[in-house]
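Engineer: The following comprises the amino acid sequence and a computationally predicted model.
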Amino acid sequence: MSRPDYVIVGPDPRRTDIENPGGQLTATTGLLEYARQEGLNLAFIDTLQGSFPVPPGYVRIAKVIRRLLQFLWYSSVRRPRMGAIIFSAGPGSFVERGMTGLIARLFRVRAVICIRSGRLAPLLGARSPSGIFISMLARLQPRILVQGRSWLVDLERAGVEPHRVRVVPNWVSPDRKIAESPRFAAEGKPIRFLFVGWLVVEKGIRELAQACLSLASAGRPFHLTVVGGGNLEVELEKFIEKNGISNFVSLAGWVKPDEVEGYMKDADVFVLPTYFEGLPNALVEAFSVGLPAISTPVGAIPDSLIDQHNGFLVPPRDAVSLADAMARYIGNPDLVLKHSTIAIDTVKKNHDFHENCRKILSAVMF
């Protein structure tokens, strides 16, 4: 049996039996395509699961044990020629992937752990028992990749040596064409906002609903389309009906990934008032079609969304500031064209597929 060039601990993009997978799948899909282009052989230790609803605890524990045993086998028997790329999400995921990283160190397999969730950041350097444990585990990793510069401060606070950390942003999928010309708002028509994501508290969907109610009550001309589903979907439906804003807000529900781009092409501004993130793929995809964005300065978002240049940054959990940012586009539609131009340029400079995939695979060497 031939040895792989790389072992990828992350969602296996060749699977098609999981609905609503997490954002890590975009990264591993890109790496698989890049590897095919470069003639590299990847082996996957699959972590793919549905994000909503989350599987029962006993199912996840059994899968954790199986994945650790698989990685032990690859480390001791079928050693990868180049190394291992280990994708990590939130705190629970990081504990498992951190143990994977320790196995790599034990067997001298070159490895890098890629942190992809903003849920981990508050624990780095925290003095709570969980924070102390997470920080210790981070210090023991061979190498760490993050999606934005804010993580450098978080990891330094946890005691991680800066020379063991690299920044590699997300990229635009190779099958997605970057817009050739900027977006502009149609004259005399309402500004069209778009939200794409989970309908959960942490994505700021309640604040977005309140902002829309405020704008509608003030008679501002706009329309918001909400794409996605989650445990707040019914609550949002009732809020829209109760407050009589169905002419201003539409719910599209779940759509297939290849249908999201169509909604983006029909919008003027992307909105994601999230509480915490790594770097949302939806934001990068919105920029790629020329949409300016309104979001929050969390995770790696401020690395790409520069306030008043390609969109607006607003504080998390702040419906008033969110409504004000939306109102700026409504009151000055020319901002869409101005910010769209810079959004496209941002994607070309920071989110190139080939360059960033190359950086991730080469990160096992630094």
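Structural biologist: Yep, it's here.

Engineer: burial of Phe366, as a residue count?
Structural biologist: Using other C-beta atoms under 10 Å, Phe366 is surrounded by 13 other residues. All C-beta atoms are positioned from the backbone trio N, CA, C, and that covers glycine.

Engineer: which residues of this protein score low on pLDDT?
Structural biologist: Scanning the chain for pLDDT under 70 picks out the ranges 1, 18-22, 50-53.

Engineer: Please, where are all the helices along it?
Structural biologist: Per DSSP state H, the chain carries helices over the ranges 24-38, 57-76, 91-106, 129-139, 150-157, 205-217, 233-242, 257-265, 281-288, 301-304, 319-331, 334-350, 353-362.

Engineer: middle-most residue in the chain, spatially?
Structural biologist: For the chain, the residue sitting closest to the mean C-alpha position, by C-alpha atoms, centre = their mean, is Pro280 at 2.7 Å.

Engineer: For Ala300, the count of nearby residues, please.
Structural biologist: Residue neighbour count, defined by other C-beta under 10 Å, stands at 23 for Ala300.

Engineer: thinking it is in contact with Val146, fair?
Structural biologist: Yes: at 7.3 Å, Ala300 counts as touching Val146 under the criterion of C-beta atoms under 8 Å.

Engineer: Would you mind listing the residues touching both of these two?
Structural biologist: When contacts are counted by C-beta atoms under 8 Å, 6 or more residues apart in numbering, Ala300 and Val146 are jointly contacted by Gly278.

Engineer: So for Gln49, what's the nearest residue that isn't a sequence neighbour?
Structural biologist: Beyond its immediate neighbours in the sequence, the residue positioned closest to Gln49 (C-beta to C-beta, 6 or more residues apart in numbering) is Pro55, lying 5.8 Å away.

Engineer: Settle this for me: the one you found is touching Ile61, isn't it.
Structural biologist: No: applying C-beta under 8 Å as the test, Pro55 and Ile61 come out as separate, 10.2 Å apart.

Engineer: Against Val336, how distant is the residue nearest to the centre of the chain?
Structural biologist: Computed as C-beta to C-beta, to the nearest Å, the Pro280 to Val336 distance reads 20 Å.

Engineer: same check, this time on Tyr6
Structural biologist: As it turns out, when the distance is counted by C-beta to C-beta, Tyr6 lies 41 Å from Val336.

Engineer: Pro169 too?
Structural biologist: Distance of Pro169 to Val336, given as C-beta to C-beta: 24 Å.

Engineer: Could you check which of these two has the larger neighbour count?
Structural biologist: Here Pro169 and Val336 are set side by side on neighbour count (other C-beta under 10 Å), and the busier one is Val336, at 24 against 21.

Engineer: can you tell me which residues contact the closest residue to that one other than its chain neighbours?
Structural biologist: Across the structure, with C-beta to C-beta, 6+ apart as the measure, the residue nearest Val336 apart from its sequence neighbours is Ala185 (4.4 Å). Residues in contact with Ala185 (C-beta under 8 Å, 6+ apart) are 191, 268, 329, 333-334, 336-337.

Engineer: same thing with Gly204?
Structural biologist: 272-275, 296, 316-317, 322.

Engineer: If we use 7 Å, what do you get?
Structural biologist: With contact set as C-beta atoms under 7 Å, 6 or more residues apart in numbering, Gly204 has these partners: 273-275, 316.

Engineer: Now the phi/psi pair for it, please.
Structural biologist: As for Gly204, its main-chain torsions (degrees, to the nearest 10) stand at phi 80, psi 20.
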